[in-house]
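Enquirer: Got a predicted model here, sequence first, then my questions.
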Amino acid sequence: MIRTKVIDAIKSTNFGEKILLKGWVRTRRGNKNVSFVALNDGSTIHNIQIVIDNEKFGEEFLKPITTGAAIAVEGMLVESQGKGQTVEVQADTIEIYGTADPETYPLQKKGHTLEFLREIAHLRPRTNTFGAIFRIGHNMEMAIHTFFHEKGFFCFHTPLITGSDCEGAGQMFQVTTLNLNDLPKDKSGAVDYSTDFFGMPAALTVSGQLEGELGAMALGGIYTFGPTFRAENSNTPRHLAEFWMIEPEVAFIEIAENMSLAQEFIQFCVRWALEKCTDDLNFLAQMYDNELIERLHFVVDNDFVRLTYTEGIDILKKAIENGRKFDYTVDWGVDLQSEHERYLVEEHFKKPVILTDYPKEIKSFYMKQNDDGKTVRAMDVLFPKIGEIIGGSQREEDFEKLSRRAKEMHVPEKDIWWYMDTRRFGSAPHSGFGLGFERLLLFVTGMTNIRDVIPFPRTPKNAAF
């Protein structure tokens, strides 16, 4: 018999039909005559109830069917007489695949803290919370690919091992095959990378953007979707050492069109979640964040406000004059903190915000410079609760300006000669942005710690599992 998934079984009205279910036991309760097993196979937040005649199977056989056990059940699909479900299955045959000792299985029927569940990340996908989060994650990935495919963009794979530091921050994980206990040195005493695997220093990428620009300057519009790495010693609820990035790059568009693309993209993703993840979102809203659904609608139902960084600073300063207190200083030239961004979104405009034209000193070398000589055509999309969710810019297409800015920011041209070539040969206006996948999931799920939206988080002093 072909297995039926729980998600399909609970929607079925084919009462009297025999079906085969396979899954893990969430709970078992009952009396000496009958047992009720809540079975879940990961396809849905909902369990299906299995009704077992104890006398038919015998106490000894049923004893190992405890929380966490994996079983297969053949039985009759019937209309449920109990509350909380519309269908149930009357068991005819049961096969026990794997048991879970109640004394040692850590996911018993009780509340577990998210902190505890991080310690057993290999088992936490079996909980309702993480089942919901990872199903939503799958749906967000499908939404992303669908959006760009329908727009005529091409998925473009950029390297994970690279010799260039896109952000110029130097926070990169080094990749080497050299013997760290006996490093070869050159005459000056520096490490001799000529004998290393790549014959040069190499590291894990912090962004696929620079290579993505090369693709855009040939294919018109591309997007990358892959892991990125930051060796940043930040032990906060918003930082990971390994995370996934979506980075579209588009030829022949400038900053205004880039902003429109970002808004359309993020609204498409959130709308997809509202339409296709209803049960999981309702569960997370009920358990963790009762404003979640309202906040998602806040994004899809509103046009995003567009204003310059300078205008944003003026608004924040006026708020301070009127008695609003912030933990961090507000002055022209500072990088805005999450509290500032959230004020603009949640209190001042009550709409998502796209902030543009940042001071060049706080932005990367590749961003297009404005005529004022002080600002660049950067843009950040700001959301309620989390602040910045997307960062992007129009890229500098002028060779001389880009070369001069790279020197100012100490980015060696010998490391990016290939990137500079796109400004030598057929340069054109182009723009792009980056969205951290886990930041998107934080917003869509209502979770507050980024470690809880990725299956196996990598953070300082933690590479378990």
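Expert: Arrived safely. Since the structure is predicted, the reported quantities are computational estimates derived from the model, not experimental observations.
Enquirer: measure residue 458 to residue 203 for me?
Expert: To residue 203, residue 458 is 15 Å away according to C-beta to C-beta, to the nearest Å. For the C-beta atoms, the positions are set from N, CA and C on the backbone; glycine is no exception.
Enquirer: Also residue 172?
Expert: Applying C-beta to C-beta, the value for residue 172 to residue 203 is 4 Å.
Enquirer: again, but for residue 344
Expert: For residue 344, the distance to residue 203 equals 35 Å [C-beta to C-beta].
Enquirer: So which of these two has more stuff around it?
Expert: Legend: neighbour count by other C-beta atoms under 10 Å for residue 344 and residue 203, higher for residue 344 (24 against 20).
Enquirer: wait, what's in contact with the more buried one?
Expert: Shown in contact with residue 344 (C-beta atoms under 8 Å, 6 or more residues apart in numbering): 312, 315, 316, 353, 355, 382.
Enquirer: can you pull out the strands in the stretch 351-465 of the chain?
Expert: Counting by DSSP state E, counting those that start in this stretch, the stretch 351-465 of the chain has strands at residues 353-359, 375-383, 387-395, 430-436.
Enquirer: and the second one, what does it pack onto?
Expert: Other elements packing on strand 375-383 under the criterion 3 or more C-beta pairs under 8 Å, 6 or more residues apart in numbering; DSSP states H and E are helix 255-276, helix 338-342, strand 353-359, strand 387-395.
Enquirer: do the first one as well
Expert: Applying 3+ C-beta pairs under 8 Å, 6+ apart, we find strand 353-359 packed against helix 255-276, strand 305-308, helix 309-321, strand 375-383.
Enquirer: Tell me which residues are up against the longest one.
Expert: Read that as helix 255-276. Identification of contacts with helix 255-276 by C-beta under 8 Å, 6+ apart yields 136, 139-140, 142-144, 146-147, 248, 250, 253, 281, 293, 296-297, 299-300, 303-304, 306, 352, 354, 356, 368, 377, 379, 381, 389-390, 392-394, 431-433, 435, 440, 443-444.
Enquirer: If any of these are buried, give me the PyMOL selection for them.
Expert: To isolate the buried ones among the contacts of helix 255-276 in PyMOL, judged by 16 or more other C-beta atoms under 10 Å, type:
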select buried, resi 136+139+140+143+144+147+248+250+253+281+293+296+299+300+304+306+352+354+356+368+377+379+381+389+390+392+393+394+431+432+433+435+440+443+444
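Enquirer: count of neighbours near residue 420?
Expert: Neighbours of residue 420 under the rule other C-beta under 10 Å: 13.
Enquirer: ok, and the closest non-adjacent residue to residue 130?
Expert: residue 124 (4.7 Å; C-beta to C-beta, 6 or more residues apart in numbering).
Enquirer: any idea where the strands of the stretch 51-200 of the chain begin and end?
Expert: For the stretch 51-200 of the chain, the strands defined by DSSP E, counting those that start in this stretch cover 70-79, 87-98, 154-155, 161-162, 174-175.
Enquirer: In CSV: these, plus mean neighbour count.
Expert: Converted to CSV, the strands of the stretch 51-200 of the chain look like this (neighbours: other C-beta atoms under 10 Å):
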stretch, mean neighbour count
strand 70-79, 17
strand 87-98, 16
strand 154-155, 14
strand 161-162, 16
strand 174-175, 14
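Enquirer: Identify whichever of those lies nearest to residue 26.
Expert: Proximity to residue 26 (C-beta to C-beta) singles out strand 70-79 among the strands of the stretch 51-200 of the chain, at 11.5 Å.
Enquirer: in its sheet, what does the closest one sit against?
Expert: Neighbouring strands of strand 70-79 in its sheet, by DSSP bridges, are strand 18-30 (antiparallel), strand 87-98 (antiparallel).
Enquirer: What's the mean pLDDT across the last one?
Expert: Just to be clear, that refers to strand 87-98. The average pLDDT within strand 87-98 is 98.
Enquirer: Just the CA atoms of that strand, as PDB, please.
Expert: In PDB, the C-alpha atoms belonging to strand 87-98 read as follows (Å, rounded to 0.1, in the frame of the first residue of the first chain):
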ATOM      1  CA  VAL A  87     -10.700  12.600  10.900                       C
ATOM      2  CA  GLU A  88      -8.900   9.700  12.700                       C
ATOM      3  CA  VAL A  89      -7.600   6.300  11.800                       C
ATOM      4  CA  GLN A  90      -8.700   3.000  13.400                       C
ATOM      5  CA  ALA A  91      -5.600   0.900  13.500                       C
ATOM      6  CA  ASP A  92      -5.700  -2.600  11.900                       C
ATOM      7  CA  THR A  93      -1.900  -3.300  11.800                       C
ATOM      8  CA  ILE A  94       1.000  -1.500  13.400                       C
ATOM      9  CA  GLU A  95       4.700  -1.800  12.700                       C
ATOM     10  CA  ILE A  96       7.200  -0.300  15.200                       C
ATOM     11  CA  TYR A  97      10.300   1.000  13.300                       C
ATOM     12  CA  GLY A  98      12.200   2.600  16.200                       C
END
